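# Okay, structure incoming, though there's no sequence with it:
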Ligand SMILES: [Zn+2]
């Protein structure tokens, strides 16, 4: 089933070859650790992510904000979004208990919420605002920028993931939808804050272009803010940990 899903993904160009291997590893860990119920949640996240990446792709391409390489995800993207969730799945088989279910739902919600928020934010008519300085408008696609449309997308995506988790019977009776929304929204806000503060932003030494990549014009970029080793994938991975922690904290409160 995992191979089948990954093959569909590679055939539809949603992932590249490295992404295929990473998806098989992440998919198997989750299926083996958590079972088919957990796998359904991940499949829903993946479908939503791919769907919103390709939604109005031509428009995003014209605006210069579309995901690179035709929107296909490579292995660091897959690990950043699914790595933490697969560790929770494996931990669940060793230690059991509903705590790992909540952590898993929080991590997947955060990954899904952030992916959809990013893709919807690119379509926002109004400019994104920097989360750490809300009066400052930034270009579409800038890490740390937030839009109302993106926040709405984050909310709805985590509500869908929570509803699905409830439907397949995860969570042992706790209010999963609320917990999932909390994990997803806190995770994606965390993603924006880390994106604004810690993520590498640089300027090309040759052409002067602003970039979030590590190299431009075949030269390492000059770092203007953030840390050199923290890129978008590292931020995404940290955001899934924040989402998981937020979801678990809420179960102790309500
Ligand atoms: Zn350059």
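Thanks, I have the structure now. Please read all numbers here as calculations on a predicted model, not as lab measurements.

# What is the neighbour count of the closest residue to the ion within the stretch 1-150 of the chain?
Residue nearest to the ion within the stretch 1-150 of the chain: residue 64 (14.8 Å; Cβ to the ion). Where C-beta positions appear, they are placed from N, C-alpha and C, glycine not excepted. Counted with other Cβ atoms under 10 Å, the neighbours of residue 64 add up to 9.

# Report the contact partners of it.
Shown in contact with residue 64 (Cβ atoms under 8 Å, 6 or more residues apart in numbering): no residues.

# what about residue 87, how many neighbours?
Around residue 87 there are 20 residues (other Cβ under 10 Å).

# Same question for residue 101.
23.

# what does residue 224 give?
11.

# thinking again about what came up before, measure the residue of the stretch 1-150 of the chain closest to the ion to residue 231 for me?
19 Å (Cβ to Cβ, to the nearest Å).

# still on that earlier bit, what about the residue of the stretch 1-150 of the chain closest to the ion? Give its phi and psi, please.
phi 80, psi 20 (degrees, to the nearest 10).

# so what pLDDT did it get?
On pLDDT, residue 64 comes in at 83.

# Determine which residue lies closest to the centroid of the chain.
Centroid-nearest residue in the chain: residue 111, 3.0 Å away (criterion: Cα atoms, centre = their mean).

# Contacts only, for it.
45, 49, 81, 82, 85, 187, 236, 239, 240, 243.

# From those, list the buried ones, please.
45, 49, 81, 82, 85, 187, 236, 239, 240, 243 (16 or more other Cβ atoms under 10 Å).

# before we move on, the earlier item: element containing the residue nearest to the centre of the chain, please.
In the assignment (DSSP states H and E), residue 111 maps to helix 99-121.

# ditto for residue 179
helix 176-197.

# Pull the distance from that helix to the chain's centre.
10 Å (Cα atoms, centre = their mean, to the nearest Å).

# Stretch 53-69 too?
17 Å.
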